[in-house]
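**Student:** The following comprises the amino acid sequence and a computationally predicted model.
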Amino acid sequence: MSDLIQLEKHDHIAILTIANPPANTWTADSLATLAKLVEELNQDRNIFALVVTGQGEKFFSAGADLKTFADGDRARANEMAQRFGEAFAALTAFRGVSIAAINGYAMGGGLECALSCDIRIAEEHAQMALPEASVGLLPCAGGTQNLPWLVGEGWAKRMILCGERVDAQKALQIGLVEEVVPSGEGLAAALKLAEGACKQSPSSIARCKQLVMSARDGRSHSDGWRMERELFVELFHTEDQKEGVNAFLEKRKPAWKNQ
């Protein structure tokens with residue numbers, strides 16, 4: 001297991017820290033490690049939420065190290081593209097709530113990692129960009145697909161086609177992040193939000209996330225409503241449904257089973 005991704009667990013929350021100084025760049029090993037760790041967390045029924053952040057005070061992640069692509073090796077490019085895709089697809093599919101604590105520069109594959117999370121919190125000094133086209137590349141880990149969904153086609157084109165970098169306040173304004181906090185407080189804010197998520201039924205959260213994400217597939221409203229009803233009834237096969245309702249009626253905190 002690579003030490004380029006550090007894992008900590010606090011109660012029902014896992015913290016993954018990208019730890020490849022000075023810029024927390026991604027490597028084939030760290031991407032494979034991310035995918036593996038997320039899968040292991042999916043199997044750990046004591047984990048309800050996941051926070052991703054960068055080591056240090058300046059970088060969330062600067063993306064891939066461009067030296068990787070300097071020789072124009074197409075086989076290496078294919079391997080890295082596959083590793084990026086597998087890692088961030090795994091992060092997107094995490095069954096619980098994932099939160100990116102953007103504690104500095106989030107560039108290229110760094111921003112694509114944050115885009116793969118459910119929620120993004122940025123520290124006030126953070127800078128975000130998808131600058132791949134400026135060096136003859138393109139975002140290959142979800143950037144061209146996830147960014148327009150969040151900020152609309154216009155701002156996605158400004159960032160991807162024109163190379164526009166946005167600061168934390170602009171990111172908040174256009175919907176790229178959900179909250180901006182003072183420098184140094186990103187992880188604490190993300191953990192507070194994760195603690196709120198942990199009070200929810202994990203069984204419900206997994207199905208709600210499935211429904212929200214399914215809207216990206218161009219599903220009709222009627223099909224989405226049908227899915228809602230089906231998954232609502234499906235919850236009655238879980239212990240969490242009965243536990244949640246009865247805990248409320250009995251005025252106590254629920255003890256979730258996470259099925």
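**Tutor:** Arrived safely, thanks for sending. Numbering: from 1, shown residues only.
**Student:** What are the boundaries of the helices in the stretch 1-150 of the chain?
**Tutor:** 28-43, 74-92, 109-115, 143-161 (DSSP state H, counting those that start in this stretch).
**Student:** Show me what the mean pLDDT comes to for the helix or strand where residue 222 lies.
**Tutor:** Using DSSP states H and E, residue 222 maps to helix 221-234. The average pLDDT within helix 221-234 is 90.
**Student:** which secondary structure elements does that helix contact?
**Tutor:** In terms of contacts (3 or more CB pairs under 8 Å, 6 or more residues apart in numbering; DSSP states H and E), helix 221-234 is packed against helix 202-214. Placement of C-beta: from N, CA and C, glycine included.
**Student:** Off-centre distance for the helix it packs on?
**Tutor:** Mean-position distance between helix 202-214 and its chain equals 15 Å (CA atoms, centre = their mean, to the nearest Å).
**Student:** Can you point out the buried residues in it?
**Tutor:** Neighbour counts over helix 202-214 (16 or more other CB atoms under 10 Å) mark 202-207, 209, 211 as buried.
**Student:** Quick check: of these, which lies closest to residue 243?
**Tutor:** residue 203 (9.5 Å; CB to CB).
**Student:** which residue packs closest to the closest one, ignoring adjacent ones?
**Tutor:** Distances taken as CB to CB, 6 or more residues apart in numbering place residue 240 nearest to residue 203, at 4.0 Å, with adjacent residues excluded.
**Student:** Could you tell me the angle between the helix holding residue 222 and helix 202-214?
**Tutor:** Angle, helix 221-234 to helix 202-214, by axes from the mean of the first three to the mean of the last three CA atoms, to 10 degrees: 170 degrees.
**Student:** Give me the distance between helix 221-234 and the centre of its chain.
**Tutor:** 25 Å.
**Student:** what's in contact with it?
**Tutor:** With contact meaning CB atoms under 8 Å, 6 or more residues apart in numbering, helix 221-234 is reached by 207, 210-211, 214-215, 219.
**Student:** again, only using 7 Å
**Tutor:** Contacts of helix 221-234 from elsewhere in the structure, counted by CB atoms under 7 Å, 6 or more residues apart in numbering, are 207, 211, 214-215.
**Student:** Please read off the pLDDT at residue 130 from the model.
**Tutor:** Confidence score, pLDDT, at residue 130: 97.
**Student:** ah, wrong one, I meant residue 115
**Tutor:** 98.
**Student:** cool, residue 257 as well?
**Tutor:** Value for residue 257, per-residue pLDDT: 83.
**Student:** Residue 245: neighbour count?
**Tutor:** Neighbourhood size, residue 245 [other CB atoms under 10 Å]: 11.
**Student:** so how far is residue 201 from it?
**Tutor:** To residue 201, residue 245 is 10 Å away according to CB to CB, to the nearest Å.
**Student:** hang on, the residue nearest to residue 203 packs against residue 256?
**Tutor:** Yes. Between residue 240 and residue 256 there is a contact under CB atoms under 7 Å: 5.5 Å.
**Student:** Quick check on the two: which one has the bigger neighbour count.
**Tutor:** Comparing residue 240 with residue 256 by other CB under 10 Å, the one with more neighbours is residue 256, at 24 against 21.
**Student:** Which helix or strand contains the more buried one?
**Tutor:** Going by DSSP H and E, residue 256 is not in any helix or strand.
**Student:** I'd say it and residue 201 touch.
**Tutor:** Yes. Contact between residue 256 and residue 201 holds when scored by CB under 7 Å: they sit 5.8 Å apart.
**Student:** shared neighbours of those two, anything?
**Tutor:** With CB under 7 Å, 6+ apart as the test, residue 256 and residue 201 both reach residue 240.
**Student:** related to what we said a few turns ago, may I see the contacts of helix 221-234 organised as CSV, with pLDDT and distance to residue 92 added?
**Tutor:** Compiled in CSV, these are given as follows (pLDDT from 0 to 100; distance: CB to CB, whole Å):
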residue, pLDDT, distance to residue 92
207, 92, 16
211, 91, 15
214, 87, 13
215, 81, 14
